[in-house]
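1. Fold the stuff below for me.
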Amino acid sequence: MGTFESRPRFLLSAFLMNTSSHILGGMWRHPEAQQHQFNELGLWVDLAKKLEEAKFDSLFFADVVGLYGDHEGGWASHVRKGLQVPSHDPLVLLSALAASTKDIGLAMTSSVIQAHPFQFARQISTLDHLSQGRVAWNIVTSVLENAHRNFGSQELVGHDDRYGWAEEYVDAAYKLWEGSWEDDALLADKISGVYADPAKVNKINHRGEYYSIDGPHLALPSAQRTPFLFQAGSSPRGSQFAATHAEATFLFAPHAQYVAKKNAQLIENLAAAGRKREDIKVFAGLSFVVGSTEAEAKALEAEYDEYLDLNAIIAHIGGGIGVDLGGLELDTPIGEIQTEGAQGVLEAARASVPGGNPTLRDLAYYRAKAQQLVGTPEQIVDELERWQDAGVDGLNVMNHVLPGSYDNFIEGVLPELRRRGLAQAKYAQGSLRNKVSGRGDYLPADHPAAKHRGAFSNNSAAATEKAVQPQL
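-> The predicted model follows:
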């Protein structure tokens with residue numbers, strides 16, 4: 001056995017979605033693929049148990065709350081190809097998986113447009129209780145115009161305006177999670193008959209541009225209070241938001257050099273927000289095709305390529321950036337597209353080819369192949385070390401087929417990662433936050449949420465009690 005320089009371990013997350021066609025369009029048709037059975041609980045329970053046995057840090061569920069933008073003039077192709085439609089609610093699914101697992105983190109995507117922060121905060125606290133502190137929230141603003149129309153808007157809200165909305169949303173949620181109930185408010189004293197101390201349960205009286213919330217938070221504080229915070233935007237404004245709020249950020253990166261560029265931008269934004277690089281983990285979305293020999297890996301890659309649907313992948317990307325790319329030849333350059341959609345996705349796609357003007361084929365290649373590592377376990381981990389040197393702390397492992405892609409990773413890559421000390425062999429104690437950061441269950445004192453602790457004592461239930469007049 002060779003010796004290896006000391007490196008931090010990789011955080012490992014499985015990138016999933018409660019749908020049949022997530023990132024790699026067409027792969028649901030593969031004979032071994034089971035993702036078309038996404039509506040069956042058994043598929044997810046078996047996968048979650050398998051990933052927990054392998055000591056993955058989390059299941060990371062993407063989500064959408066609307067259709068992707070038109071392709072070929074409408075949305076019929078989305079239905080025909082199953083492009084994230086139908087798609088089921090990850091929050092409900094994670095409630096079931098909380099009962100089927102013990103240690104693995106349960107990360108879910110929820111947009112600021114889809115649930116009022118009062119209701120969302122209550123749901124998250126409930127799930128964090130049921131899972132004993134294993135919940136993570138991937139904060140998104142929704143790039144899909146149809147999603148915004150589904151929740152009452154007439155059009156897609158502008159890119160930077162969406163982040164302004166998100167700033168208020170998370171602040172209102174922080175107030176509920178961190179400021180409404182003090183740590184020792186719950187008494188449940190059967191002798192005195194006092195269930196909770198009225199002096200330590202507070203309304204938040206939030207008044208903002210988007211929301212008016214009195215409170216108090218109806219749920220008890222959970223193990224983490226605020227869930228572990230992911231953020232998936234990679235535009236300049238998204239990176240700024242992540243630097244202010246997130247504990248982990250997720251990149252679609254076409255190569256390690258792009259990661260290094262985004263890492264440098266993140267470090268600048270963290271400094272501006274009064275935070276340090278160690279306060280946030282950077283995850284890269286990558287897929288893996290592993291073989292005992294290079295030839296075996298290439299053969300499996302060729303097999304997968306037979307089922308890739310490039311037009312579905314183009315529809316996915318075009319729909320996300322708000323441009324109908326249907327009906328064009330694959331070698332058509334995309335030019336200087338300006339969009340209110342997923343700007344980070346477009347930036348990464350431009351960075352994936354020399355000259356920064358990719359064709360449609362390049363776009364599909366970027367999504368399907370540029371983030372795919374193919375080879376023997378040793379070759380793949382050698383490459384992963386280069387990604388780590390560029391600034392990657394964790395892997396959001398994308399799949400071609402369920403559950404086979406994770407079997408391939410667990411049986412192939414994971415033993416080599418462990419041989420080099422790059423993957424955990426057991427879980428740490430405590431909440432997901434503590435398992436990932438080792439800093440305890442709650443957000444640190446320098447996080448923006450922490451300012452709300454103890455800030456609302458003047459709004460306590462006790463403050464509303466009338467003084468009892470003495471009996472004469």
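2. Point out where the stretch 201-350 of the chain drops to low pLDDT.
-> 335-350 (pLDDT under 70).
3. does the most centrally placed residue in the chain sit in a helix, a strand or a coil?
-> For the chain, Asn138 is the residue whose C-alpha lies nearest the centre (CA atoms, centre = their mean; 3.8 Å). Following DSSP: H, G, I helix; E, B strand; the rest coil, Asn138 is assigned to strand.
4. quick one: contacts for it?
-> Applying CB atoms under 8 Å, 6 or more residues apart in numbering, we find Asn138 in contact with 60, 62, 107-110, 230-232, 250. Backbone N, C-alpha and C define where each C-beta goes, glycine included.
5. Likewise for Ala54?
-> Contacts for Ala54 were tallied using CB under 8 Å, 6+ apart; they are 12, 406, 410, 414.
6. Quick check: the gap between it and Lys435.
-> Ala54 sits 15 Å away from Lys435, going by CB to CB, to the nearest Å.
7. now do Glu329
-> Separation of Glu329 from Lys435 (CB to CB): 48 Å.
8. who's more crowded, those two?
-> Lys435 (22 against 8; other CB atoms under 10 Å).
9. Now for that one: which residues touch it?
-> Lys435 is in contact with 57, 103, 105, 427-429, counting by CB under 8 Å, 6+ apart.
10. let's go with 7 Å and repeat that
-> By CB atoms under 7 Å, 6 or more residues apart in numbering, Lys435 lies in contact with 57, 427-428.
11. Could you tell me how many residues sit around the closest residue to Thr376 other than its chain neighbours?
-> Leaving aside its chain neighbours, Thr376 sits nearest to Glu294 (5.9 Å; criterion: CB to CB, 6 or more residues apart in numbering). Using other CB under 10 Å, Glu294 has 12 neighbouring residues.
12. Could you pull up the residues touching Glu294?
-> By CB under 7 Å, 6+ apart, the contact set of Glu294 is 375-376, 379.
13. Including secondary structure, pLDDT and distance to Leu220, could the residues you listed go into a markdown table?
-> Below are the contacts of Glu294 laid out as a markdown table (DSSP: H, G, I helix; E, B strand; the rest coil; pLDDT from 0 to 100; distance: CB to CB, whole Å):
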| residue | secondary structure | pLDDT | distance to Leu220 |
| --- | --- | --- | --- |
| Gly375 | strand | 98 | 49 |
| Thr376 | coil | 98 | 50 |
| Gln379 | helix | 98 | 50 |
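14. quick one, helices of the stretch 1-150 of the chain?
-> Along the stretch 1-150 of the chain, counting by DSSP state H, counting those that start in this stretch, helices occupy 41-53, 76-81, 90-100, 117-130, 145-150.
15. Of all the ones you listed, which one is nearest Val170?
-> helix 117-130 (8.1 Å; CB to CB).
16. Buried ones in that closest one, by neighbour count?
-> 117-118, 120-129 (16 or more other CB atoms under 10 Å).
17. In PyMOL, select just the buried ones from the contacts of Lys435.
-> Restricted to buried positions by 16+ other CB under 10 Å, the PyMOL selection for the contacts of Lys435 reads:
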select buried, resi 57+427
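18. Which strand runs longest in this protein?
-> Using DSSP state E, we find that the single longest strand of the chain is strand 281-290.
19. Give me the angle between the helix or strand immediately after that strand in the chain and strand 281-290.
-> Tracing the chain C-terminally past strand 281-290 and defining elements by DSSP states H and E, one meets helix 294-305 next. Here helix 294-305 runs at an angle of 100 degrees relative to strand 281-290 (axes from the mean of the first three to the mean of the last three CA atoms, to 10 degrees).
20. Give the next helix or strand downstream of helix 294-305.
-> Counting by DSSP H and E, the element after helix 294-305 in chain order, helix or strand, is helix 310-321.
21. Which secondary structure elements does that next one sit against?
-> With contacts taken as 3 or more CB pairs under 7 Å, 6 or more residues apart in numbering; DSSP states H and E, helix 310-321 sits against helix 76-81, helix 343-351, helix 360-365.
22. same thing but at 6 Å, please
-> The helices and strands touching helix 310-321, judged by 3 or more CB pairs under 6 Å, 6 or more residues apart in numbering; DSSP states H and E, are helix 360-365.
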